[in-house]
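Visitor: structure for this input, please:
(one chain, ligands or ions: 2)
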Amino acid sequence: MERADLAELAARLDEAAGSATAIPQIVSAAGVDVEAAYAIQGALIDRRLARGERLVGLKMGLTSRAKMAQVGVDEVIWGRLTDAMRVPDGGQVDTTTHIHPRVEPEVAFLLDRMPEPGEPIGDFASLVRAVAPALELIDSRYANFRFSLPDVVADNASAARYAIGAWQPVPAGLDNLGVLLEVDGRVVETGSTAAILGDPRRALDEGVRLAGRHGVRLCEGWVFLAGAATAAVPLRPGAHVRAVVERLGAVSLRVR
Ligand code: 0L1
Ligand code: MG
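Guide: Numbers count the residues shown, from 1 in each chain. Ligands and ions are numbered 1, 2, ... in the order given. Got it, this is the predicted structure:
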């Protein structure tokens, strides 16, 4: 596929996000494969950077069985995070600026140095400065939240907004911490960090490897969203959403 055609698909996804209007599965309809879909994702992010946003990290997607089953795609994917996507802990999100937003509880890592592709997770302690509870708000730009693998990759792994709680030293037992997702004080999902590839540290390994294939190296000071510990739940206006991760504390946001 020509570069101009990839740029056109990126522009349509960008406009769909900007106008909060769902579109059909234009990427799979154009016969784009996963490799080219990551090039579209890159072009999509370049448009945001051209508007003044800064690249500040990476997110992993579909790192748990619950998430894969929810959307019918069974491959781990990654996307890019910009500063404009971040919501302060306790901050507000306006649902009218999104199409059909969902929220999921995650853990975030703050990177201490740039990892080498293929570096084993045994070096996790030297790579990660701190860990925090996180909420990711995802919003597919495709109608009915339905897509194939190339569609969702091009759509930046459905990334929309994220909130991060207070950074903590890396806790013991990171591979099996209890996770709760609450809406209006009621627990709606429960899980464990073990749901994230068996150990969220593995997500960092995968992120370094998969993004490295596309020439993207993680940088010191970047945020890394390791993936969701439960399925995502739809967001409705007025809701107060909170994620609690054992030993890490809580993070919340309010929906307008
Ligand atoms: O962060 C995620 O796991 C989302 C990945 C893309 C699939 C979805 O929209 O649920
Ligand atoms: Mg996620």
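
Visitor: element containing D14?
Guide: Element membership of D14 [criterion: DSSP states H and E] is helix 3-19.

Visitor: check whether that helix contacts ligand 1.
Guide: No - Helix 3-19 lies apart from ligand 1 when judged by CB under 6 Å from any ligand atom; the minimum separation is 13.0 Å. Just so you know, the C-beta spots here come from the backbone N, C-alpha and C atoms, and that holds for glycine as well.

Visitor: contacts for that helix next, please.
Guide: The set of residues external to helix 3-19 that reach it, using CB atoms under 8 Å, 6 or more residues apart in numbering, is 21-23, 26-27, 30, 32, 36, 39-41, 43-44, 46-48, 99, 139, 141, 154-156, 160.

Visitor: rerun at 6 Å
Guide: By CB atoms under 6 Å, 6 or more residues apart in numbering, the list of residues contacting helix 3-19 from outside reads 23, 26-27, 39-40, 43-44, 47, 141, 155.

Visitor: for the closest residue to Y142 other than its chain neighbours, what are its contacts?
Guide: Excluding the flanking residues, the one nearest Y142 by CB to CB, 6 or more residues apart in numbering is Q25, at 5.5 Å. Remark: with contacts taken as CB under 6 Å, 6+ apart, Q25 is in contact with 142, 147, 151.

Visitor: so the second one sits in a helix?
Guide: No - the assignment for F147 (DSSP: H, G, I helix; E, B strand; the rest coil) gives coil, which keeps it out of a helix.

Visitor: ok, now how distant is the closest residue to it other than its chain neighbours from D151?
Guide: Using CB to CB, 6+ apart and skipping residues adjacent in sequence, the residue nearest F147 is Q25, 5.7 Å away. Here Q25 is placed at a distance of 5 Å from D151 (CB to CB, to the nearest Å).
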